[in-house]
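In: this one's sequence-less:
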């Protein structure tokens, strides 16, 4: 202990130089009264594009932001959405109240970014500025290259699945994982890929509830269908989706062959998800009752997120 203390002391003196210790006079200053604005002021060129964030003389942010910067607004109020659309803003309307989401609002932001990456609205190395007013105030600068959204976009591309479909399935998974059913935590399993392949490795446990219905009523891309899909997701077995996000079957039991063994601590639903992703060369989304969403691709876990 003494050696450490001595080495530290020597280092300090060598860094500062061995000199006589000077004496200091301290005088309290009032920063408001004593600050000399003439000496410290400088002229800011507001017309310079890099200084757009300092403009305080313009109320319309579209006049301040760079012309090529894309602006998307999230709101849970239909009235606010209508007013913004009339003013020419691009608006995403959320189903749940922003005030009630708390930190979960960041999940909605993540889904918007994921969808934007898939649709080519911005690139994977772009920097995204998020200005939040509800349920929290703040400004977040997001490096798209550091987001898990890129992993999801890569997975979607590998399986030739629309990124918007994967984003909507993640939204549905969060809906199920965060709300449960009748106050009880529940799980779910989705498999997305070639329906003939998915059916080959699964067995029907119940009559197919989707048979005879139009694609519009079975599409995960239609927000109004999420409650219905959630009800069928709570059945034992998996819901099968094609690459366009159209549900084909529900209550399908995954036939796990002898060659695919459970890993330590792995439950039956996760084993089934991993197996079907390998057997049918598909993506499987597993929602656990503990609030964890796991994505599997080609027999491997590729993405995991815990709901708040």
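Out: Noted; the coordinates are in hand. Remember, it's a predicted structure, so these values are computed and weren't measured experimentally. Residues are numbered from 1 along each chain as shown.
In: So for the strand or helix carrying residue 198, what gets flagged as buried?
Out: Assigned by DSSP states H and E, residue 198 falls within helix 195-200. Across helix 195-200, burial judged by 16 or more other CB atoms under 10 Å covers 195, 197-199. Using the backbone N, CA and C atoms, a C-beta is placed for each residue, glycine as well.
In: and if you look at stretch 251-260?
Out: Neighbour-count burial for stretch 251-260 flags 251-252, 254, 256 (criterion: 16+ other CB under 10 Å).
In: Would you work out how far apart the start and end of it are?
Out: Across its full length, stretch 251-260 reaches 21 Å between end residues, using CA to CA, to the nearest Å.
In: which stretches of the protein form strands?
Out: Secondary structure of the chain (DSSP state E): strands located at 72-75, 90-93, 127-132, 138-143, 188-192, 202-204, 238-241, 247-254, 283-287, 292-297, 300-306.
In: hang on, the earlier thing: now that we have the buried residues of stretch 251-260, can you turn them into TSV and tack on distance to residue 84 and pLDDT?
Out: Converted to TSV, those look like this (distance: CB to CB, whole Å; pLDDT from 0 to 100):
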residue	distance to residue 84	pLDDT
251	42	94
252	42	96
254	45	95
256	49	94
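In: ok, how many other residues are close to residue 219?
Out: 19 (other CB atoms under 10 Å).
In: my read: it touches residue 245, true?
Out: Yes: using CB atoms under 8 Å, residue 219 is in contact with residue 245, at 5.6 Å.
In: before we move on, the earlier item: tell me which residues are up against the helix holding residue 198.
Out: Contacting residues not belonging to helix 195-200 are listed as 191, 240, 242, 248-249, 252, 276, 279-282 [CB atoms under 8 Å, 6 or more residues apart in numbering].
In: Look up how far residue 102 lies from residue 276.
Out: Distance of residue 276 to residue 102, given as CB to CB, to the nearest Å: 34 Å.
In: Give me the more crowded residue out of these two.
Out: Neighbour count, other CB under 10 Å: between residue 276 and residue 102, residue 276 has more, with 32 against 11.
In: what residue ranges in the stretch 51-200 of the chain score low on pLDDT?
Out: Applying pLDDT under 70 to the stretch 51-200 of the chain picks out residues 51-70, 94-101, 111, 114-122, 124, 134-135, 146-150, 180-185.
In: Mind doing that once more with 90?
Out: By pLDDT under 90, the weakly predicted segments of the stretch 51-200 of the chain are 51-157, 162-168, 170-171, 174-187.
In: and the closest residue to residue 166 other than its chain neighbours, what does it touch?
Out: Nearest non-adjacent residue to residue 166, counting by CB to CB, 6 or more residues apart in numbering: residue 156, 4.8 Å away. By CB under 8 Å, 6+ apart, residue 156 lies in contact with 118, 162-163, 165-166, 283.
In: among the residues you listed, who's most crowded?
Out: residue 283 (29 neighbours).
In: who touches it in this structure?
Out: 155-156, 159, 161, 166, 191-193, 277, 295-297 are the contacts of residue 283 under CB under 8 Å, 6+ apart.
In: just residue 260 next, same as before
Out: Counting by CB under 8 Å, 6+ apart, residue 260 makes contact with 271, 274-275, 278, 299.
In: same question, residue 169
Out: 190, 192, 220, 241, 245, 285.
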